[in-house]
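Novice: Give the three-dimensional model of this entry:
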Amino acid sequence: MSEQMPAELLKARSKIDQIDRQLVELLAIRFQLTLQVGLLKADQGLAAFDESREAQKLDELRQLCQEQGLDSEFITELFKRIMEEVVKNHNKLKDV
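Specialist: A predicted model of the protein is given here:
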C-alpha cells in the first residue's frame, strides 16, 4: 500500500535532488580543473601531491565549516577523499 506523501516533503526532496545534481556537476568541473593542474605538474616534473597545499585547503575548509555550522570532521574527510582521487589521477598522468 502506498501512502500519499505530503506536498511539503516532496518539495523538499525535489530540492535535495536538484542540489545533488549540482554537487555532481560541480565535482565534474572540479575534476576537469584538477586534470589541467595534473597536466601542468606532469609537464613541469612536479610532484602529484603537494602537502602544504592540501593542509592549507583543509584549514580553509575547516574555517568555512565553522562559519556555516557544519561538521568540519565530516567535510574534511570528504575532501581528503576527493584529494586522494586527484593525486591518484595526477600520478596516472606521470605514467603516460
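Novice: Identify the residue spatially nearest to residue 66, adjacent ones excluded.
Specialist: residue 72 (6.6 Å; C-beta to C-beta, 6 or more residues apart in numbering). No exception for glycine: its C-beta is placed from N, CA and C like everyone else's.
Novice: ok, how many other residues are close to that neighbour?
Specialist: Look at residue 72: counted by other C-beta atoms under 10 Å, it has 15 neighbours.
Novice: and what of residue 38?
Specialist: 21.
Novice: for it, what are its contacts?
Specialist: 48, 86, 89-90, 93 (C-beta atoms under 8 Å, 6 or more residues apart in numbering).
Novice: Tell me which of the residues you listed fall in helices.
Specialist: Mapping these onto helices (DSSP state H) picks out 86, 89-90, 93.
Novice: Going through those residues, which ones are buried?
Specialist: 86, 90, 93 (16 or more other C-beta atoms under 10 Å).
Novice: wait, isn't the last one in contact with residue 44?
Specialist: No - Residue 93 sits out of contact with residue 44 when judged by C-beta atoms under 8 Å, with a separation of 11.6 Å.
Novice: got the phi/psi numbers for residue 45?
Specialist: phi 70, psi 30 (degrees, to the nearest 10).
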